[in-house]
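Okay, predicted coordinates and the sequence, questions at the end:
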Amino acid sequence: MIKAEEYGKTILANFLTEVSDITEYNPTQGVRILAFENPCVTSNNKGAGCEFELWDHGGDPKSESCWPDMMKDSQGVVIVFNASILSPLKEIEMWCSCFVQQQFLQNTPCQLIAHHKPGSGSDQGNPALAPPLNKLKLVHSNLEDDPEEITMEFIKYLRSIINSVSESKDREEMSIIT
């Protein structure tokens, strides 16, 4: 999960992964890795929840040297931005370019989350996003007014990752057979 500081991505990551109940602002230094299991997301209907790692990036360009490690073997990309501040759209486009287009992750599940921080209101209007951002799924997050909505959207997103990985494995197996 990536984006600039004070956008609420760490609190959102904690909420979605149920790893921590920390709800006060504390800037992420570098990268924080959250390992979690989601019982609502299964692989091949085997019943057990799938295990995931969510890498919460602090957004500081000084940590650019760790970006290749973050991208290696990535199965998805989530870009979080503060829904009440639309001025950093160029910055969001840069993150999309670095983590999606340049890494050839266009077929990887990618999602934009317009996060509404507590007290900021809940305008669900969609910002005018330029290509390639307008091709990504945009979800609004408001933990104050409707936490269930972002939870359900995140579960759908995790399921899309599992489906993508499964389809990739199927193609790889078929290429070995033929």
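Happy to help now that I have it.

Surely Gly76 and Phe99 touch.
No: with contact defined as CB atoms under 8 Å, Gly76 does not count as touching Phe99 (10.2 Å). Where you see a C-beta, it was placed from the backbone N, CA and C, and this is true even at glycine.

Those two: who's more crowded?
Phe99 (21 against 18; other CB atoms under 10 Å).

Give the burial count for Trp55, as a bare number.
18.

element containing the residue nearest to the spatial centre of the chain, please.
In the chain, the C-alpha nearest the mean C-alpha coordinate belongs to Val78, at 2.1 Å (CA atoms, centre = their mean). Under the criterion of DSSP states H and E, Val78 resides in strand 77-82.

name the helices or strands packed onto that strand?
helix 89-96, strand 110-115 (3 or more CB pairs under 8 Å, 6 or more residues apart in numbering; DSSP states H and E).

Tell me which of those sits nearest to Arg159.
strand 110-115 (12.1 Å; CB to CB).

pLDDT below threshold where in this protein?
1-7, 20-27, 44-48, 86-88, 102-107, 119-125 (pLDDT under 70).

what ranges do the helices span in it?
Under the criterion DSSP state H, the chain contains helices at 9-17, 67-71, 89-96, 147-177.

Give the buried residues for the shortest one.
By neighbour count on 16 or more other CB atoms under 10 Å, the buried set for helix 67-71 is Trp67, Met70, Met71.

show me the contacts for the second one.
This means Met70. Going by CB atoms under 8 Å, 6 or more residues apart in numbering, Met70 touches Val31, Trp55, His57, Phe99.

by how many degrees do the longest strand anywhere in the chain and helix 9-17 diverge?
The residue-count maximum for a strand in the chain (DSSP state E) belongs to strand 31-42. Orientation check (axes from the mean of the first three to the mean of the last three CA atoms, to 10 degrees): strand 31-42 against helix 9-17 gives 30 degrees.

Would you mind writing the CA trace of strand 31-42 as CSV?
What follows is strand 31-42 as a C-alpha-only set of coordinates in CSV (Å, rounded to 0.1, in the frame of the first residue of the first chain):
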residue,chain,number,x,y,z
VAL,A,31,8.3,0.0,4.8
ARG,A,32,6.1,-2.0,7.3
ILE,A,33,5.1,-5.5,6.3
LEU,A,34,1.9,-6.9,7.7
ALA,A,35,1.4,-10.6,7.4
PHE,A,36,-2.2,-11.7,7.7
GLU,A,37,-4.7,-14.4,6.8
ASN,A,38,-8.2,-13.6,5.5
PRO,A,39,-10.7,-16.4,6.2
CYS,A,40,-13.1,-15.0,3.6
VAL,A,41,-10.6,-15.5,0.8
THR,A,42,-9.8,-19.1,0.0
